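[1] Dropping the sequence and predicted coords here.
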Protein chains: 2
Amino acid sequence: MSAKFAVLGYGVVGSGVVELFYKNKWSIEKHAGTEMDIKYILDLRDFPQSPYRDKLTKNFDDILNDDEVTAVAECMGGVEPAFNFVKACLEKGKSVSTSNKELVAAKGDILLKTAAEHNCNFFFEASVGGAIPIIRPLHRCLAANNITRVAGILNGTTNFILTKMYNENMTFDKALSLAQELGYAEKDPTADIEGHDACRKICIISSLVFGKHVYPKDVYTKGISGVELCDVAAADVLGHGVKLIASVSAFDSGKILPSVMPMLVSYDDIMSGVNDVFNAVVVYGDGIDKAMFYGRGAGKLPTASAVLGDVIEAVKHRVTVFSQTWESSDDSSFIAGINEFTARWYFRIPLLSDAPEGAYEHENGISYITEDKMTFKAAMDKAAELNALSVMPVLE
Amino acid sequence: MSAKFAVLGYGVVGSGVVELFYKNKWSIEKHAGTEMDIKYILDLRDFPQSPYRDKLTKNFDDILNDDEVTAVAECMGGVEPAFNFVKACLEKGKSVSTSNKELVAAKGDILLKTAAEHNCNFFFEASVGGAIPIIRPLHRCLAANNITRVAGILNGTTNFILTKMYNENMTFDKALSLAQELGYAEKDPTADIEGHDACRKICIISSLVFGKHVYPKDVYTKGISGVELCDVAAADVLGHGVKLIASVSAFDSGKILPSVMPMLVSYDDIMSGVNDVFNAVVVYGDGIDKAMFYGRGAGKLPTASAVLGDVIEAVKHRVTVFSQTWESSDDSSFIAGINEFTARWYFRIPLLSDAPEGAYEHENGISYITEDKMTFKAAMDKAAELNALSVMPVLE
């Protein structure tokens, strides 16, 4: 018996899936416990030179109507037509593994429900943290924990830019240009820079951990385009790095608070050592205290590794893995407002202001971290009162 | 239907399993997809004040002969009688989850075979890295990778001592006393200090990743009792921390080389930020490049979290998970000799010796790191020639 699967999309990730599968076919089959092969690769483009050209098709129905295909790797990206393709596959009982965070963040609840109704699986390990195993550890290995908080560096592009800013004193604009040159940032970098990509990922984590679909529109999201070099330098003097942190916390009230913001991370915190394009996710639970998962958050083979790991699981599990699911949400009343967010805060205030103890005075102002915690609202009020030039929370 | 399980041993870990289970029973049952309860706790001691005294038994046969008990958490430690108890449970088709690294390192192959023969599971996530999910990620999430190397800080006691040495300039003896005071080290600290504990854990990882049972006796193991404060201080000047590193590498020849040694870790490497009692494991694969898993490597609730995660898996999977297994090994010919180990090396040589460029001269000698890599044998020969006072490899 041989398990046949199809790859939707022959771009960076899809071609990585094909490449890694054939490279490690022997050991992948050993892990899966069965022979495996790719039967179709869906792409509208022609690849006349590809060694896999006999598997290429432009017709999705070839895949959908072939009962021999029991699993599908979706690597197209975007919500449409991916959503319709994935849903149709699941309705035919074909398990789908995806790297498409936009799809999971927008339609995860529907696709998980469809998979459960047709006794197959919708897997999405590759949609968060690239190569880093985080989805499966969250719902399986840490299943005995009451998870109270998850915080992560979930976007490699912004982490690369911030690393260049504090390691090499580069301005934001220069670091962004370099990221584009190296292929780490898109021509239009908005989704990365403004935090939308990290937001989708924390939506997926929040939905999985707390059981209800969290939509990007309900998550306070601030990117790094406003982070100035002088703040990164001042944070360094104060013993902190600046990172774009996507996090979600559970309140005693039962509400949760997901958010994406640039934050200061103490050099005593191992998260501050997550540099360049690497990602990391820290999980806080009542059993484990905290655990961190670190690795490459993007890239051809790292993402392909996660997609293929899921394809192997799909081949092994011919029934729905019910612990990896969440419900639809009718409203967002279970999500707390950003004003309830509480932290210690970094302020940069104008020169000639009254400087608190331990403040660092430099040519662009006076920088310091508050001793006490305050809410987002209190910090914003304080910032207005002080004519603050910059204000960022400190990761706890 | 309710799944009943038993806990063997009501010591630190066993009582943690009971405590965490009842604390999070509701969500654990949700993850397991079934009601669950603890039916027996095995311990030879009396606990008249325990709220669970009605579950306590001194008779293992109560558990073995109760068909309602389908899963067992083994938290006794040591090879005997744990081995006989675990084997008997598996032979009755009861899945066993253990935190007992000594047992897995000594008898894992036999117990995995027994589990497979009786269509149940022998799980051991808690035996390596405490709370850190590493066993399941290795064989499931990273299944599409050709794993070439694993390196970890797998012993919290030694990491605590080394952290105190470089953060607080404490001598080895003082740091050890403090660790004992805080309950991080045993009265007889040999197993931790001399690397035996880390060795058992790298044996388990090596066996799982490379498919053949690796015995502790075949692994070169050097502890930290010979690490001097002046070397830790000199390493710091040279931009490195000193860590007890357990690692295993695959050679092109097909042989593997597991080892445990104090090594220098560059401050550019995120592993250098793993401090105090925390553990971390870095996995290198051809798809992922590298991924790191970090968390509490020991302690009551962290270890209990891993044991319970496995119990939940055991309740969900009523068939053997065949990807998490390895074969017995008749001989150790697949293990390379330590002389083949290759790295850059740290040397401390007597004052008045010829100092290479970039060397750090201090009152206890001249410390430097070689530019070129050399084998273990070449480094030892060089050390003898130079009358070296200290020699340690540098983690790549």
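    Perfect, thanks for sending it.
[2] State the next helix or strand along the chain beyond the host helix or strand of residue A:70.
    Taking DSSP states H and E as the definition, residue A:70 sits inside strand A:69-74. Using DSSP H and E, the helix or strand that directly follows strand A:69-74 along the chain is helix A:82-91.
[3] Please export the C-alpha coordinates of the helix or strand just after that following helix as PDB.
    Under the assignment DSSP H and E, the closest C-terminal helix or strand after helix A:82-91 is strand A:95-98. Extracted C-alpha coordinates of strand A:95-98, given in PDB (Å, rounded to 0.1, in the frame of the first residue of the first chain):
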ATOM      1  CA  SER A  95      -6.500  15.600   4.900                       C
ATOM      2  CA  VAL A  96      -4.900  18.900   4.200                       C
ATOM      3  CA  SER A  97      -1.600  20.300   5.700                       C
ATOM      4  CA  THR A  98      -1.000  24.000   5.100                       C
END
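[4] counting contacts, what elements does strand A:95-98 pack onto?
    Here strand A:95-98 touches strand A:69-74, helix A:82-91, helix A:101-117, strand A:122-123, helix A:300-316, going by 3 or more C-beta pairs under 8 Å, 6 or more residues apart in numbering or on different chains; DSSP states H and E. (Glycine included, C-beta is placed from N, CA and C.)
[5] quick one, helices of the stretch 101-250 of chain A?
    A:101-117, A:135-136, A:156-168, A:172-181, A:190-193, A:196-210, A:229-237 (DSSP state H, counting those that start in this stretch).
[6] surely residue A:193 meets residue A:176?
    Yes: contact criterion C-beta atoms under 8 Å: residue A:193 and residue A:176 qualify, at 7.1 Å.
[7] what's near enough to touch residue A:314?
    Neighbour list for residue A:314: A:5, A:70, A:71, A:95, A:96, A:97, A:120, A:121, A:123 [criterion: C-beta atoms under 8 Å, 6 or more residues apart in numbering or on different chains].
[8] Which of those residues has the largest number of neighbours?
    When neighbours are counted by other C-beta atoms under 10 Å in any protein chain shown, residue A:96 leads the contacts of residue A:314 with 31 neighbours.
[9] Tell me what that residue is bridged to.
    Beta-bridge pairing for residue A:96 (DSSP bridges): residue A:72, residue A:122.
[10] my guess is it meets residue A:75, correct?
    No: using C-beta under 8 Å, residue A:96 makes no contact with residue A:75, being 10.8 Å away.
[11] rewinding a little: put the alpha carbons of the strand holding residue A:70 into CSV.
    Extracted in CSV, the C-alpha atoms of strand A:69-74 (Å, rounded to 0.1, in the frame of the first residue of the first chain):
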residue,chain,number,x,y,z
VAL,A,69,-4.9,11.0,-3.2
THR,A,70,-5.6,10.9,0.6
ALA,A,71,-3.5,13.9,1.7
VAL,A,72,-2.8,17.3,0.3
ALA,A,73,-0.2,19.9,1.1
GLU,A,74,-1.5,23.4,0.5
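[12] Give me the angle between it and helix A:101-117.
    160 degrees (axes from the mean of the first three to the mean of the last three C-alpha atoms, to 10 degrees).
[13] Stretch A:165-180 and chain B, are they touching?
    No: contact between stretch A:165-180 and chain B is absent, the nearest approach being 10.2 Å (criterion: C-beta under 8 Å from any C-beta of the partner chain).
[14] That stretch - what's its average pLDDT?
    For stretch A:165-180, mean pLDDT is 95.
[15] And for stretch A:14-32?
    The model assigns stretch A:14-32 a mean pLDDT of 95.
[16] okay, how far is it across that stretch, tip to tip?
    Terminal residues of stretch A:14-32 are spaced 20 Å apart (C-alpha to C-alpha, to the nearest Å).
[17] Report the buried residues of that stretch.
    Buried positions in stretch A:14-32, judged by neighbour count with 16 or more other C-beta atoms under 10 Å in any protein chain shown: A:14-18, A:20-21, A:23-24, A:28-29, A:31-32.
[18] Keep only those of these that are in strands.
    The strands in this structure, assigned by DSSP state E, contain none of the buried residues of stretch A:14-32.
[19] follow-up on the earlier one: could you give the angle of the strand holding residue A:70 to helix A:82-91?
    Using the same axes, to 10 degrees: strand A:69-74 against helix A:82-91 is 160 degrees.
[20] Pull the distance from strand A:69-74 to the chain's centre.
    23 Å (C-alpha atoms, centre = their mean, to the nearest Å).
[21] hmm, back to that, any idea which of the helices of the stretch 101-250 of chain A is most buried?
    Using mean count of other C-beta atoms under 10 Å in any protein chain shown, the stretch among those with the greatest mean number of neighbours is helix A:196-210 (a mean of 26).
[22] So for that one, mean pLDDT?
    pLDDT averaged over helix A:196-210 gives 97.
[23] Could you check the angle it makes with helix A:156-168?
    110 degrees.
[24] picking up where we left off before, out of the buried residues of stretch A:14-32, the closest to residue A:158 would be?
    residue A:16 (22.4 Å; C-beta to C-beta).
[25] any idea how far chain B is from the closest one?
    8 Å (C-beta to the nearest C-beta, to the nearest Å).
[26] which residues does the nearest residue to that residue once chain neighbours are set aside contact?
    Distance criterion C-beta to C-beta, 6 or more residues apart in numbering or on different chains; nearest residue to residue A:16, sequence neighbours excluded, is residue A:304 at 3.3 Å. By C-beta under 8 Å, 6+ apart, the residues touching residue A:304 are A:13, A:16, A:17, A:19, A:20, A:126, B:144, B:287.
[27] one step back: let me have the helices of the stretch 101-250 of chain A in TSV, adding distance to residue B:135 as columns.
    TSV is the format used below for the helices of the stretch 101-250 of chain A (distance: least, C-beta to C-beta, whole Å):
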stretch	distance to residue B:135
helix A:101-117	26
helix A:135-136	12
helix A:156-168	27
helix A:172-181	36
helix A:190-193	34
helix A:196-210	21
helix A:229-237	38
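[28] Which among the ones you listed is found nearest to residue A:376?
    helix A:196-210 (16.5 Å).
[29] Could you list every helix and strand in contact with the closest one?
    helix A:101-117, strand A:147-153, strand A:220-221, strand A:240-250, strand A:256-266.
[30] and residue B:112, which of those is closest to it?
    strand A:147-153 (30.3 Å).
[31] What pairs with the closest one, parallel or antiparallel?
    Assessed with DSSP bridges, strand A:147-153 is paired to strand A:240-250 (antiparallel), strand A:278-285 (antiparallel).
[32] And residue A:357, how close does it get to residue B:374?
    Using C-beta to C-beta, to the nearest Å, one gets 52 Å for the distance from residue A:357 to residue B:374.
[33] Which one's more surrounded, those two?
    Using other C-beta under 10 Å, the more surrounded residue of residue A:357 and residue B:374 is residue B:374, with 17 against 6.
[34] Burial check on the residue lying closest to that one once chain neighbours are set aside, number of neighbours?
    What sits nearest to residue B:374 in space, not counting adjacent residues and going by C-beta to C-beta, 6+ apart, is residue B:345, at 6.4 Å. Residues near residue B:345, counting by other C-beta under 10 Å, number 25.
[35] How is residue B:345 assigned, secondary-structure-wise?
    strand (DSSP: H, G, I helix; E, B strand; the rest coil).
[36] Look up how far chain A lies from it.
    24 Å.
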